[in-house]
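Enquirer: sequence plus predicted model, see below.
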Amino acid sequence: MRLRARSLILLAAISAHAGFAAQPVTLRIGDVKGDRLVALKASGELQHLPYHLTLSSFDSGAPVQEALNAGALDVGFTGDLPFLYVFAAGAPVKAVGAWKNNPDSIALITRPDSGIHSLSDLKGKRIAVNRGGWGEYLLLGLLQKAGLTRTDVSIRYLTPTDGRAALSSGSVDAWIPWEPYLSSALLLDNAQRVPGGGGKGIMSGYSFVIAREEAIHSDKRAAIEDLLTRLAKAQRWAQQHPQQFSVALADELQMPRNVTQAWIASAQISPVVFNSTLQKALQHSADVFYQEKVLPKPVDVSHAFDFSLATGANHVATDLSKP
């Protein structure tokens, strides 16, 4: 598991709060690239917490899942498919909350000199994706869309950082990143989208808050439930204050401001009501991954969710959807 060198560690203020233990607990949180953590901080939702938080940022969803599985984290923020992959492997974790990204913020990109101008041009090309995650899932959908199969291309399983380097150097012909890797490649590396190569119609766009089962059934339960509500409020704030959020992202993550602005506009992150609709979407993804032999056996995701902690967050998502 690879932890980014610049981990964000905060000890939150302690205050009395009904439903929490007399001695405040500590939640160990892991995030991908740190944007959820930045939203929580910039929106003020980390103030006056009745528990401690230790916050760490990772490069992608896979190491978040590894840390959860190893017991190094209590809660992690990650995409639906990295969660599916680790749940299928028997990790003691459940999805307890969710938000949605614009599916087109996950996309196939290439270099101008690659000779790829349409999906049909992918035949015989080298394509970088992350194993068992959004990249591999989108590639399978795009190949089907183009009337191709995975045997028509050479798939290279690379981390986001390595995928970006491979595309820039010419080691691969195309790559499927998500935000903020997508906007970084388009704005800084002269990469370009492949027409028809976005995730709309293929990807669900869902990301999950994942918790270890032992944390859910411990004295940390109330803290997890409170964190879910605060995260939904922070994402609502980020939607309503895109300029402030882009500045906060640029400052905290040391990224160019034009990249963070493009990232926010592309991802269009929004809290969603956490219910059985998401379970059905994940089951469909599990079935596709099994059919494509990404997963070695069928996976029943009916036990992958705990909907009991999301009441407060669901109220925020419902209020946001009202006209």
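Expert: Perfect, I can see it now.
Enquirer: where do the helices sit along the stretch 1-150 of the chain?
Expert: 35-42, 61-69, 80-88, 134-145 (DSSP state H, counting those that start in this stretch).
Enquirer: the lowest-mean-pLDDT helix or strand in the chain to helix 80-88, inter-axis angle?
Expert: Of all the helices and strands that make up the chain, helix 61-69 has the lowest average by mean pLDDT, DSSP states H and E, namely a mean of 85. Put simply, helix 61-69 runs at 40 degrees to helix 80-88, going by axes from the mean of the first three to the mean of the last three CA atoms, to 10 degrees.
Enquirer: ok, residues contacting helix 61-69?
Expert: Residues from elsewhere that reach helix 61-69 (CB atoms under 8 Å, 6 or more residues apart in numbering): 1-3, 30-32, 56, 58, 73, 76-79, 81-83, 85-86, 89, 91-93, 130-133, 159, 210, 212. For glycine as for every other residue, the C-beta is placed from the backbone atoms N, C-alpha and C.
Enquirer: which ones among those map onto strands?
Expert: Gly30, Asp31, Val32, Ser56, Phe58, Gly76, Phe77, Thr78, Gly79, Val93, Ile210, Arg212 (DSSP state E).
Enquirer: pLDDT added to those, as a markdown table?
Expert: Below are the ones in strands among the contacts of helix 61-69 laid out as a markdown table (pLDDT from 0 to 100):
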| residue | pLDDT |
| --- | --- |
| Gly30 | 92 |
| Asp31 | 89 |
| Val32 | 82 |
| Ser56 | 86 |
| Phe58 | 83 |
| Gly76 | 94 |
| Phe77 | 92 |
| Thr78 | 89 |
| Gly79 | 90 |
| Val93 | 96 |
| Ile210 | 96 |
| Arg212 | 96 |
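Enquirer: nearest to Gly312 among the residues you listed?
Expert: Phe77 (17.0 Å; CB to CB).
Enquirer: for the closest one, which residues make a bridge with it?
Expert: Val209 (DSSP bridges).
Enquirer: ok, it - contacts?
Expert: Ile29, Gly30, Asp31, Val32, Arg36, Val64, Ser207, Phe208, Val209, Ile210.
Enquirer: 6 Å - rerun?
Expert: Taking CB atoms under 6 Å, 6 or more residues apart in numbering, we find Phe77 in contact with Asp31, Arg36, Val209.
Enquirer: from Lys200, how far off is it?
Expert: For Phe77, the distance to Lys200 equals 23 Å [CB to CB, to the nearest Å].
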